[in-house]
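Colleague: mind folding the following:
(one chain, ligands or ions: 2)
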Amino acid sequence: MDGFSENVYVLDHPLITHKISILRDKRTGTNEFRQLVEEIAMLMGFVALSDLPMKSVEVETPIEKTETRVIAGRKLAVVPILRAGLGMVSGLTALVPSAKIGHIGLYRDEKTHKPVEYFCKLPNPIEERTIVVCDPMLATGGSGIDAITQIKRHGGRKIKFVCIIAAPEGIKALSLAHPDVQIYVGNLDRCLNENAYICPGLGDAGDRIFGTK
Ligand code: PRP
Ligand code: URA
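Modeller: Ligands and ions are numbered 1, 2, ... in the order given. Reported below is the predicted structural model:
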């Protein structure tokens with residue numbers, strides 16, 4: 001798809017794209033921005049979790065007994081990359097309320113644009129869980145790559161990365177560094193600028209979610 005590896009899914013869904021268009025608008029305030037990030041995360045999670053393993057169970061309807069299916073085990077972890085990824089957690093856990101939540105703290109150095117780690121706390125054990133790493137922005141890919149490297153060091157294996165907007169540079173870097181990871185992208189943007197911001201993008205996702213500057 002789009003010349004990327006087969007593990008890259010650019011969703012480009014009308015509902016998602018419509019909401020992302022409102023996020024992009026610089027006039028959109030913090031309250032609406034936060035609400036939309038949550039809604040987009042839920043819509044994207046719905047797609048990203050469509051291959052969750054299932055098992056058969058028997059239930060008795062008011063009419064008869066029947067064989068049906070439920071999600072096998074309670075084995076999901078949601079891992080936001082701080083800060084901006086936090087805005088996506090409520091949307092994803094609304095879909096799977098029993099999910100455990102880990103946190104990875106990273107910020108991009110303003111000059112080098114390289115990620116600097118400051119926190120990592122993950123559910124333990126993590127080996128058997130499907131892990132959904134979330135961050136609204138995939139720019140150079142440095143933060144996503146580092147976060148997933150950390151998760152793998154802790155034993156994580158089944159990893160999905162969900163981002164709202166990505167630059168081609170970030171998708172390529174992430175899928176090269178972690179070819180086993182499924183990458184779900186809401187909208188694919190044009191390129192990075194000289195400050196490694198996504199164009200046209202939406203600006204600084206963390207600042208817009210938390211009302212900081
Ligand atoms: C933003 C964003 C990603 C990262 C993406 O975080 O939320 O984590 O940049 O850029 P990359 O793909 O080039 O690494 P930022 O560093 O601004 O931290 P914040 O969320 O705390 O504001
Ligand atoms: N981080 C953001 O929040 N926005 C960008 O465009 C790039 C990195």
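Colleague: now do the longest helix along the chain: everything it contacts.
Modeller: Counting residues, the longest helix in the chain under DSSP state H turns out to be helix 30-48. Contacts of helix 30-48 with the rest of the structure, by C-beta atoms under 8 Å, 6 or more residues apart in numbering, involve 9, 11, 13, 15-16, 19-20, 22-23, 28, 87-92, 94-96, 132, 134, 136, 160, 162, 164, 182, 184, 186, 205, 208-211. Heads up, the C-betas are built off the backbone N, CA and C, glycines and all.
Colleague: ok, stretch 202-213 next?
Modeller: 20, 23-24, 26, 28, 30, 33-34, 37, 83-84, 86-87, 135-137, 164-165, 197.
Colleague: cool, and stretch 176-188?
Modeller: Here stretch 176-188 makes contact (C-beta under 8 Å, 6+ apart) with 2, 4-5, 7-12, 16-17, 20, 40, 44, 47-48, 138, 141, 145, 148-149, 152, 159-166, 168, 171, 174-175.
Colleague: what residues does this structure put near ligand 1?
Modeller: Contact residues (C-beta under 6 Å from any ligand atom) of the chain with ligand 1: 81-84, 106-108, 113, 115, 135-144, 170, 196, 204-206.
Colleague: narrow those residues to those in helices?
Modeller: 142-144, 170, 205-206.
Colleague: now, which of the residues of the chain next to ligand 1 lie close to ligand 2?
Modeller: Residues of those in contact with ligand 2 (C-beta under 6 Å from any ligand atom): 84, 137, 139, 204-206.
Colleague: now these: which count as buried?
Modeller: Buried members of these, counted by 16 or more other C-beta atoms under 10 Å: 84, 137, 139, 205-206.
Colleague: quick one, helices of this structure?
Modeller: Listed in chain order, the helices found in the chain under DSSP H are 14-24, 30-48, 86-95, 142-153, 168-177, 205-210.
Colleague: what packs against the fourth one?
Modeller: Right, the one you point to is helix 142-153. Applying 3 or more C-beta pairs under 8 Å, 6 or more residues apart in numbering; DSSP states H and E, we find helix 142-153 packed against strand 76-82, strand 103-108, strand 115-121, strand 130-134, strand 158-166, helix 168-177.
Colleague: if we use 10 Å, what do you get?
Modeller: strand 76-82, strand 103-108, strand 115-121, strand 130-134, strand 137-138, strand 158-166, helix 168-177 (3 or more C-beta pairs under 10 Å, 6 or more residues apart in numbering; DSSP states H and E).
Colleague: surely residue 155 meets residue 128?
Modeller: Yes - Residue 155 lies in contact with residue 128 (C-beta atoms under 10 Å); the separation is 9.3 Å.
Colleague: the residue lying closest to residue 104 once chain neighbours are set aside and residue 193, how far apart?
Modeller: Take residue 104 and drop its neighbours on the chain: the residue closest to it by C-beta to C-beta, 6 or more residues apart in numbering is residue 147, 4.6 Å away. Residue 147 sits 23 Å away from residue 193, going by C-beta to C-beta, to the nearest Å.
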